[in-house]
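Colleague: A predicted structure for the sequence below; I have some questions about it.
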Amino acid sequence: MVDHKAALIARLRWSPADGGRRDGVTARHPSAPPAAVRDASTVVLLRDAPGNQGIEAYLLRRAATMAFAGGMYAFPGGRVDPADMGPDVPWAGPSVAEVMHALDADPALARALVCAAVRETFEECGILLAGAVAGEDGRLGGGPEALSDQVRAAERLALERHELGLSALLRKYSLVLRADLLAPWARWVTPEIEPQRYDTRFFVAALPTGQHPGQPSSEADRMQWIRPADALERHRAGTMDMLPPTAFTLAELSEYADVAAVLAAAHARDLSPIMPRILVSGGEARLLLPHDEAYDDPGNHDDLRDAGPADPAWQ
């Protein structure tokens, strides 16, 4: 069995390609203060692969015009919007207090991270992590699986254009956010050298019964279900670019036989922040993770001025 995580760690490199530019973004100068970190959520949608061949993850290829990670394959997700901080989103499942403890966040932020995860997943692929609400007669209405493809497409566009909020969407169709469908998996913080930085909570979720992804939003140009091991092989071959958090998550998921095993393992995950640092040695920039011996060396200051061409940045 291939140890995908070990293989990935061995090849982690970073370089200021194209004269200090990466994916259309200029790297921060070492003398400048680090950019402010913004909160974000990412959802790893999973389903069991046909023929007992493990699991498949849903990946989008971000449009090349995107300022952050353009052209990269990623999971659905994005930054927390101010509207996600509102307390009026219909909620079911673990309490905000339970979520707060798992995410190491205050109540308002914990709630916003979950709301952002649900909103972004629906915006970007049309999967709505919600459930039906009982009417006055006690009967459950139709869940999100009852929404037609046409309705989903229209409401996704309205959300993307900020013409509709998550709370209004759920109430419009008598739905409630299902926090129990999301399980925290990891927390990645963008390196200080980057001009755009995010503190991203990764969640795992099983594809809800009766739902299927729609067409990608304007932020992506391709989507696919793929086995984690197959995605990593394509990544190594240079045909599927992705940022390290995406690749590491896929490497971890490749170890599980089915979605149920992933969800069971999520409860015991270490959710400490992971912020890669960058070590320049011999003209090459290498990513360091918290478990690396050189990670806490005070001489490693993410200074890329002496770095020459290497692998594509953050890969």
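Modeller: Done, it's in.

Colleague: any idea which strand is longest in this protein?
Modeller: When the chain is parsed with DSSP state E, its longest strand is strand 37-48.

Colleague: check the offset of the helix or strand just after that strand from the chain's centre.
Modeller: Moving toward the C-terminus from strand 37-48, the next helix or strand (DSSP states H and E) is strand 55-62. Strand 55-62 sits 10 Å away from the centroid of its parent chain (Cα atoms, centre = their mean, to the nearest Å).

Colleague: what does strand 55-62 contact?
Modeller: 44-49, 69-76, 124-125, 207, 213, 216, 219-228, 231, 242, 246, 250, 253, 256-259, 262 (Cβ atoms under 8 Å, 6 or more residues apart in numbering). Every C-beta, even on glycine, is put in place using the N, C-alpha and C of the backbone.

Colleague: equivalent analysis for stretch 46-53, please.
Modeller: 54-58, 204-207, 225, 227, 253, 258-259, 262.

Colleague: for stretch 173-187, what is the average pLDDT?
Modeller: Across stretch 173-187, the average pLDDT comes to 96.

Colleague: what's the span of it from first residue to last?
Modeller: 32 Å (Cα to Cα, to the nearest Å).

Colleague: the closest residue to residue 276 other than its chain neighbours: how many residues sit nearby?
Modeller: Nearest residue to residue 276, sequence neighbours excluded (Cβ to Cβ, 6 or more residues apart in numbering): residue 287, at 4.6 Å. For residue 287, the neighbour count with other Cβ atoms under 10 Å is 19.

Colleague: and residue 287, that's in a strand?
Modeller: Yes - according to DSSP: H, G, I helix; E, B strand; the rest coil, the state of residue 287 is that of a strand.

Colleague: partner residues bridging it?
Modeller: Beta-bridge partners recorded for residue 287 (DSSP bridges): residue 278.

Colleague: how close does it get to residue 266?
Modeller: 25 Å (Cβ to Cβ, to the nearest Å).

Colleague: then residue 228?
Modeller: Distance from residue 228 to residue 266, by Cβ to Cβ: 15 Å.

Colleague: settle it for me: which of these two has more neighbours?
Modeller: The residue with more neighbours, out of residue 228 and residue 266, is residue 228; 25 against 18, by other Cβ under 10 Å.

Colleague: chain center to stretch 147-157, what's the gap?
Modeller: 23 Å.

Colleague: list the buried residues of that stretch.
Modeller: Within stretch 147-157, the residues that qualify as buried are 147, 152, 155-156, counting by 16 or more other Cβ atoms under 10 Å.

Colleague: which members of the contacts of strand 55-62 are classed as buried?
Modeller: Buried among these by 16+ other Cβ under 10 Å: 44-49, 69-76, 124-125, 207, 213, 216, 219-220, 223, 226-228, 231, 242, 246, 250, 253, 256, 258-259, 262.

Colleague: strands - which of those land there?
Modeller: Checking the buried ones among the contacts of strand 55-62 against DSSP E, those in strands are 44-48, 73-74, 220, 223, 226.

Colleague: what's the closest of those to residue 275?
Modeller: residue 74 (18.2 Å; Cβ to Cβ).

Colleague: quick check: the closest one touching residue 247?
Modeller: No - shown here, residue 74 and residue 247 do not form a contact pair, counting by Cβ atoms under 8 Å, at 10.5 Å.

Colleague: so which residue is dead centre in this structure?
Modeller: For the chain, residue 42 is the residue whose C-alpha lies nearest the centre (Cα atoms, centre = their mean; 2.6 Å).

Colleague: my guess is that one contacts residue 204, does it?
Modeller: No - using Cβ under 8 Å, residue 42 is not in contact with residue 204, being 9.9 Å away.

Colleague: residues near residue 97, how many?
Modeller: When neighbours are counted by other Cβ under 10 Å, residue 97 comes out with 10.

Colleague: need the phi and psi values for it.
Modeller: Dihedral pair for residue 97: phi -60, psi -40, per degrees, to the nearest 10.

Colleague: all strands of the stretch 101-250 of the chain, in order?
Modeller: Secondary structure of the stretch 101-250 of the chain by DSSP state E, counting those that start in this stretch: the strands cover 130-132, 175-178, 183-189, 197-206, 220-226.

Colleague: now do the buried residues in the third one.
Modeller: Which is strand 183-189. 183-188.

Colleague: how far off centre is that strand?
Modeller: With Cα atoms, centre = their mean as the basis, the mean position of strand 183-189 lies at 8 Å from the chain mean.

Colleague: likewise for the shortest one?
Modeller: Taking Cα atoms, centre = their mean, one finds strand 130-132 lying 22 Å from the centre of the chain it belongs to.
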